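Peer 1: Provide a 3D model corresponding to the input given below.
(2 chains)
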Amino acid sequence: MTAESQKNERYNAREAEARWQKAWDSQAIFATKNDDPRPKYYVLEMFPYPSGRIHMGHVRNYTMGDVVARFKRAMGHSVLHPMGWDAFGMPAENAAIDRKVHPKEWTYANIAAMKKQLQSMGLSLDWAREVATCDPSYYKHQQRMFLDFLKAGLVKREYRKVNWDPVDQTVLANEQVIDGRGWRSGAVVEQRDLYQWVFKISDYSEELLSALDTLDRWPEKVRLMQKNWIGRSEGLLVRFMLDTATTPNEETELEIFTTRPDTLFGAKFMAIAPDHPLAQAAAAKDAKLAAFIEECKRIGTSQEAIDTAEKMGFDTGIRALHPFDANWKLPVYVANFILMDYGTGAIFGCPAHDQRDLDFVNKYGLGNTPVVCPEGQDPATFVVTDVAYDGDGRMINSRFLDGMSIAQAKEEVAKRLENSFLPPLGKGRSAAEGRRVGISGDDRSPPQPSPFQGEGAQAPAQASNNAPVAQRQVNYRLRDWGISRQRYWGCPIPVIHCEKCGVVPAPLADLPVKLPDDVTFDKPGNPLDRHPTWKNVKCPRCSGAARRETDTMDTFVDSSWYFARFTDPWNEASPTTPAVANRWLPVDQYIGGIEHAILHLLYSRFFTRAMKKTGHLNIDEPFAGLFTQGMVVHETYRTQKGEWVEPANVKIETVGEARRATLAATGEPVEIGSIEKMSKSKKNTVDPDDIIAAYGADTARWFMLSDSPPDRDVIWTEEGVQGAWRFVQRLWRLIGEIGTVEAPTERPAQFSEAALAIRKAAHKALANVSDDIGKLRFNRCVAHIYECANALSDGIGAVESAPSPDLAWALRESGDILVRLFHPMMPHLAEECWAALGHKTLVATEAWPALEAALLVEDTITLPVQINGRKRADVTVPRDAGKADIEAAVLALDTVQKALDGKSPKKVIVVPQRIVNVVA
RNA sequence: GCGGACGUGGCGGAAUGGUAGACGCAACGGACUUAAAAUCCGUUGGGAGUAAUCCCGUCUGGGUUCGAGUCCCAGCGUCCGCACCA
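Peer 2: Residues are numbered from 1 along each chain as shown, chains lettered A, B, ... in the order given. Here you go, the predicted model:
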């Protein structure tokens, strides 16, 4: 083909892409061997839920991963780049209910459809390692690990509050409860206590927190979100004696948690959660209190109510004794803002230094006494009215703490209370039975003097051999991970309940505990629960009548270890082959959405630790590098009637600066709305299939990488796609023309100025793209490739007007470089161009071009010259010119002479290779 | 409320404290064409000037520096996360 004839032709992306995909496939070039001795690189994108169709977010995510995979391969790594399916979950069951399709059938059909779509993108995936979490060959190992975790003490059963939908007879996740009603049934959601299987992630709170510091290739934002989620706080557990004359069942004490023990002398009240045992006990004898507690529970469901709820309390009549003064009695309130889940579910309130407590006392007229005085304030006049003071300062109104700093006061209180003692709790008399932590009461140091000593106060009941009044404690916000779901389409929890033997693990030989296929969804509730032949089994231990656990696992469990399974998905005996997993892991680059910043990533980090403990792998962290990509967003359109319109049905015209939209079919005017995340409800989606059919996968891939930094949202526009498509065509023509240039096979000894310019442009692009791909700055890679292509276009012009062997050789060399540079982003086009340049190999298996660093160094450099910080001139000097030479050259410039007006400069700053600044 | 990020042409965005606006999109002018599309060439932050040139300009106001889009302080605005966590 001649250059002339190719100019008039077009690159047929559709035909070429299918052809090259077939070529890659037939040579299995993306299949990765576990015994490959080259340095390993594991790149992984978050695997998709098989909804049935990929969306543009997938295109962006998987393109980024593919660029990294192809680049690392060219750099000589053995690259693991697998793909699978997060295939369990509710949509399959919804489809079963709505459309009478079996979840399994629906899921596998979706997988087949989506796989085809992904394959049309030309991703360099090792499909031989494909896994689907709903497949028994996958969840079998998950069940095995559940049993291993159970044995290792990482799993427990716990009575927990859950959102219960009485119509659908199922537990709802928090996000499925909308305004206190079930999202599907619309029924008012109840709080129910159910036995739940729980992974003890909180055993690792400290470890998961401190190890965040080692994740230096994670976004700071994600680490911070996890840190806040884990929510470490240091404080003191303090036992307050109760006035038994006021307690319902002669309870003797109330244990609280505080991070501000320094403010103990500012205490005005105690508050306990509505579901605190002491509140329950008091409510049993006080109908008004019981009614108040009911009221709190009702408000407690919807998020909005919690946001706006006023502080409410109810005085139980119970009185607590101040730990430093038994004569100081504090009222015990039940309050709606106290959480049973955190600390001990009880607090002491110091209104002057805590806004919530201040709001509370202001409502109930309990007053406040400031005990911390800000520096520079007169303690005699310092008062708090509406805004609590939580800053630094000196202790006041606090007896023996007066004058201390907050830190000193905290330490002093802790020391005194740790070393004073109260009788150990009598059974059944604790105000917070079961919520006390770590106070054993025995084998402790001998009794110490009471803290009341020397304060002139009377001590409450003294006893020897007692437990300390207070104990330092670290608290975490992170709660254990409840994994029980009352659903069919999930991994069965492999245990059996026997009346005699209790909870019995399913024998390993019986794994997988398979989901039965013969289920119906015509009735609400979990089909497993009403499947007698599946549910009723013999106890493996006593052979008596028993029943299977009918709950299945949270789908976050499935995705907490898939990255490990990919390392050896062929192992039928175990979840992993530890030696193989340890070699591949951690994932070097993980790419996915920010929406998984907390749960998925935290669960996976926990799972990695649990798998290490149970011998399935031996690494510390699953993901060494994490990248969170932005969303794909699009303009919205709606008719004057307010109906949303798909972009495909809208015609946009530009009249001068203004853009006008009409309905393509009828010409009816359409309003252009805000740019938002692509969503079905606003119909502002673009179907990847349509784009690939119209422009090809390379165009879609290129556009997804252009312009916007990859961690930010990218706006999908028709103009943008067309720009990308034009560039695809332009590259094809450009390389086609270079392919027809007659060039010597031997490298010329000398290069003309024009040839050197081309070579410099190509090698500069090579250096820049190499650097930017490694840092995932794809938008900058795109810019460098544009620049390189522009330079080569100029080169074509030069060789046409004045052909010469060195110029021709430089063009061929630069063409070879350019094709390999854009190959990771547009692999099909790159293969087509590689062939056009006369190569017989696949560019996908080619090495990354070698950089000739000498070409990046100029013989002379042009430095900007500033006068008083403003650029006024340029000066060109030899590369190795000394500071004095540069200064002399600068001072000789006309512009500088004029500015100095005969005077000598105050100062001349020469920054080598950078800039010169003359201070006049 | 707490925590975090960000703020640059008409738009998306470049810019180790060192020439602000790379690269792309859009727009405008021109070439080719019977015409259009495609393609190619050129212009494009604002203002003044015939011109060389000059002045202004990175949300606002201060500061540090020879030099600030970049660092510090205060304010305004947008976005995100958590949300009564004691």
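
Peer 1: residue of the stretch 601-750 of chain A closest to RNA strand B, please.
Peer 2: A:G723 (2.9 Å; Cβ to the nearest atom of the strand). All C-beta spots, glycine's among them, are computed from the backbone N, C-alpha and C.

Peer 1: so what's the gap between the helix or strand where that residue lies and the chain middle?
Peer 2: Here A:G723 sits within helix A:718-740, counting by DSSP states H and E. Offset of helix A:718-740 from its chain centre (Cα atoms, centre = their mean, to the nearest Å): 36 Å.

Peer 1: ok, and what's touching the helix or strand following it?
Peer 2: Using DSSP H and E, the helix or strand that follows helix A:718-740 in sequence is helix A:753-774. Helix A:753-774 is contacted by residues A:67-68, A:71, A:748, A:751, A:778, A:780-781, A:784-785, A:787-788, A:791-792, A:794-795, A:798, A:802, A:804, A:806-807, A:809-811, A:813-814, A:817-818, A:821, A:824, A:848-849, A:851-853, A:855-856 when judged by Cβ atoms under 8 Å, 6 or more residues apart in numbering.

Peer 1: so for A:P460, what's the pLDDT?
Peer 2: On the pLDDT scale, A:P460 is placed at 43.

Peer 1: the one 3 residues further on too?
Peer 2: Looking at A:A463, its pLDDT is 42.

Peer 1: A:N110 too?
Peer 2: Per-residue confidence (pLDDT) for A:N110: 97.

Peer 1: residue boundaries of the strands in the stretch 401-550 of chain A?
Peer 2: A:421-422, A:467-468, A:470-476, A:481-482, A:484-485, A:495-498, A:502-505, A:536-538, A:545-548 (DSSP state E, counting those that start in this stretch).

Peer 1: lowest mean pLDDT across the ones you listed, which one is that?
Peer 2: Ranked by mean pLDDT, these bottom out at strand A:421-422, with a mean of 82.

Peer 1: so where is the stretch 451-600 of chain A shaky, pLDDT-wise?
Peer 2: For the stretch 451-600 of chain A, the stretches with pLDDT under 70 are A:451-465.

Peer 1: again, only this time at 90
Peer 2: Low-confidence segments of the stretch 451-600 of chain A (pLDDT under 90): A:451-467, A:479, A:482, A:485-486, A:521-525, A:594-599.

Peer 1: show me where it has its helices.
Peer 2: Per DSSP state H, counting those that start in this stretch, the stretch 451-600 of chain A carries helices over the ranges A:532-535, A:555-558, A:562-565, A:578-584, A:599-613.

Peer 1: any chance you could map the strands in the stretch 801-920 of chain A?
Peer 2: Here the stretch 801-920 of chain A has its strands, by DSSP E, counting those that start in this stretch, at A:860-867, A:870-878, A:907-911, A:915-919.

Peer 1: now those strands as a markdown table including mean pLDDT, mean neighbour count and distance to A:D772?
Peer 2: Formatted as a markdown table, those follow (pLDDT from 0 to 100; neighbours: other Cβ atoms under 10 Å; distance: least, Cβ to Cβ, whole Å):
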| stretch | mean pLDDT | mean neighbour count | distance to A:D772 |
| --- | --- | --- | --- |
| strand A:860-867 | 83 | 16 | 23 |
| strand A:870-878 | 82 | 14 | 27 |
| strand A:907-911 | 86 | 14 | 25 |
| strand A:915-919 | 86 | 19 | 24 |
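
Peer 1: related to what we said a few turns ago, filter the contacts of helix A:753-774 down to the buried ones.
Peer 2: For the contacts of helix A:753-774, a neighbour count by 16 or more other Cβ atoms under 10 Å gives the buried set as A:67-68, A:71, A:748, A:751, A:778, A:781, A:784-785, A:788, A:791-792, A:795, A:798, A:806-807, A:809-811, A:813-814, A:817-818, A:821, A:824, A:848-849, A:855.
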